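Trainee: how does the following fold in three dimensions:
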Amino acid sequence: MELLYKRIAPKSVDELLIRPEEKQKLVAWLSRALEGKARPLLIYGKTGTGKTATAYAIAKEFGLELIEMNASQERTKEEISRVLIAASSSSSLFGKNKLILVDEVDEIFRSDFGAQNALVKLFQISKFPIMLTANDIWDKRLNFLRNQDIERLEYKGVDYFTMKDFLMKVAKMEKIQISKINIEYIASSAKGDIRAALNDLEALKDASIEILGEREKEKEIFQVLDEIFFGKNTFSAISLADVDLDMLINWVEENITNVTNNKEKISEAFEVLSKIDIYQKRVIRRNYYGYQRYIYSFLAFALKVGEFRKLYSYPSVIKRLTITKEKREEEKELLKKIANACHTNRKEAKTYVELLKRIFEKENVDEILGIKREEIEEFFT
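Mentor: Numbering: from 1, shown residues only. Below is the predicted model:
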């Protein structure tokens, strides 16, 4: 099922939910861009403020072919040259003008710093307008970009009242039954994040719950999986799961093929999980747990692939931990002995095991260290 924020995505600049002064600057850049006279535009701001949606809306309104490189793609120097630079210097197959989008440019240089030179070359040779998006323009990886001859536009996110009115309009249009107080709560907690607000709004569709109401009893994992694959009140069920988010994702991954044999649905489900993985990594890298709202939304609305019910399987990670529990306990005990003998901690003791193995190959020192040769040998089996 397509998520709400995608279903109602803006199709023109006029439909963009951004501040008036931001729209004015965008229109000014756009008029120059359509005449081939604009410098690349970097739109930056918090996640969910409409940066990527802007490029899509412009392309749709003006019939431009959108050439996009986003965070789910490999974005090395070679890929930028192959995809973007090649597209920027050649005409469209159907004679359409192009708009080049480099989405989340602050994520590019984690893997390939040579991509900087490729991006600068793109600025120099492109015959078409270029848009870039970033969350944090002051990220040190973007130092080089701030020195380039580009235009900047900050999206600050809409205010509470604009967000509230927008959500009321969407709820009416989508026939979502929701109280005014809940609309106000979502608008306030979103803090300008349109996508998060729409995800929260959709969470209440077809659900007889109040987000400000009392917390329900925790649900067992099998109930939660039923809701994810088959149900309607999924958002509520996920929030009450008796396992943490990472383990819930393991359960989902393990059981997709237990609810459908349809290859297309299985492919779609794993594509959703790959997007979830991207957001999980962003949570860790940026230490921003607001991204978990998107993960919950993907789990709640994008995995309705169930066609039949089988017994759910335990995640393989649980099986592995169960099988190796005894061995892990033995290793833990060995490292404790090494740590005591070498006056260090268990983490550091692990680096001593290889050395001790070689010592035992030449002489028996078990009486000195209190460690048996067999224990060291067992560690490597």
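Trainee: so which strand or helix has residue 226?
Mentor: helix 221-230 (DSSP states H and E).
Trainee: for residue 147, give me phi and psi.
Mentor: Backbone torsions for residue 147, taken as degrees, to the nearest 10, come to phi -90, psi 0.
Trainee: now it: how far from residue 45?
Mentor: Distance of residue 147 to residue 45, computed by C-beta to C-beta, to the nearest Å: 21 Å. From N, CA and C alone the C-beta is placed, and that goes for glycine too.
Trainee: between those two, which one's more packed in?
Mentor: A count of neighbours by other C-beta atoms under 10 Å puts residue 45 above the other of residue 147 and residue 45, at 21 against 9.
Trainee: just checking, the more buried one touches residue 136?
Mentor: No: applying C-beta atoms under 8 Å, one finds residue 45 not in contact with residue 136, separated by 9.2 Å.
Trainee: domain map for the protein?
Mentor: Structurally, the chain divides into domains by automatic domain parsing as follows: 4-155, 160-301, 324-379.
Trainee: now the ones you listed in CSV, with distance to residue 314 and mean pLDDT?
Mentor: Formatted as CSV, the domains of the chain follow (distance: least, C-beta to C-beta, whole Å; pLDDT from 0 to 100):
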stretch, distance to residue 314, mean pLDDT
domain 4-155, 29, 84
domain 160-301, 7, 81
domain 324-379, 14, 71
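Trainee: got those domains as JSON lines, with distance to residue 313 columns?
Mentor: Shown next, in JSON lines, are the domains of the chain (distance: least, C-beta to C-beta, whole Å):
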{"stretch": "domain 4-155", "distance to residue 313": "28"}
{"stretch": "domain 160-301", "distance to residue 313": "5"}
{"stretch": "domain 324-379", "distance to residue 313": "18"}
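Trainee: of all those, which lies closest to residue 316?
Mentor: domain 160-301 (6.4 Å; C-beta to C-beta).
Trainee: quote the end-to-end distance of that closest one.
Mentor: 26 Å (C-alpha to C-alpha, to the nearest Å).
Trainee: could you do stretch 342-356 as well?
Mentor: Span of stretch 342-356 from end to end, C-alpha to C-alpha: 11 Å.
Trainee: over to stretch 238-256?
Mentor: End to end - C-alpha to C-alpha - stretch 238-256 spans 16 Å.
Trainee: gap between it and the chain center?
Mentor: 17 Å (C-alpha atoms, centre = their mean, to the nearest Å).
Trainee: buried ones in that stretch?
Mentor: In terms of neighbour count (16 or more other C-beta atoms under 10 Å), stretch 238-256 has its buried residues at 238-241, 245, 248-256.
Trainee: for these, which one is nearest residue 155?
Mentor: Nearest member of the buried residues of stretch 238-256 to residue 155, counting by C-beta to C-beta, is residue 245, at 28.1 Å.
Trainee: dump the residue contacts of the closest one.
Mentor: With C-beta atoms under 8 Å, 6 or more residues apart in numbering as the criterion, the residues that contact residue 245 are 292, 295-296.
Trainee: repeat that for residue 308.
Mentor: Residues in contact with residue 308 (C-beta under 8 Å, 6+ apart) are 259-260.
Trainee: output stretch 305-313 as CSV - backbone C-alpha positions only.
Mentor: Backbone C-alpha positions of stretch 305-313 (Å, rounded to 0.1, in the frame of the first residue of the first chain) are rendered in CSV as follows:
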residue,chain,number,x,y,z
VAL,A,305,1.6,-8.8,1.7
GLY,A,306,-0.2,-11.5,3.6
GLU,A,307,-2.2,-14.1,1.6
PHE,A,308,-2.3,-17.1,4.0
ARG,A,309,-1.1,-17.9,7.5
LYS,A,310,1.5,-20.4,8.4
LEU,A,311,3.2,-21.0,11.8
TYR,A,312,5.6,-18.1,12.2
SER,A,313,9.3,-19.0,12.3
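Trainee: in strands, which of the contacts of residue 245 fall?
Mentor: For these, not one is inside strands, with DSSP state E as the criterion.
Trainee: between those, which has the most around it?
Mentor: residue 295 (22 neighbours).
Trainee: relative to residue 274, how far out is that one?
Mentor: According to C-beta to C-beta, residue 295 and residue 274 sit 12 Å apart.
Trainee: returning to what we had before: same list (the buried residues of stretch 238-256) but as a markdown table, adding distance to residue 83 and secondary structure.
Mentor: Listed next are the buried residues of stretch 238-256 as a markdown table, based on distance: C-beta to C-beta, whole Å; DSSP: H, G, I helix; E, B strand; the rest coil:
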| residue | distance to residue 83 | secondary structure |
| --- | --- | --- |
| 238 | 36 | helix |
| 239 | 39 | helix |
| 240 | 43 | coil |
| 241 | 39 | strand |
| 245 | 33 | helix |
| 248 | 35 | helix |
| 249 | 30 | helix |
| 250 | 33 | helix |
| 251 | 36 | helix |
| 252 | 32 | helix |
| 253 | 30 | helix |
| 254 | 34 | helix |
| 255 | 36 | helix |
| 256 | 30 | helix |
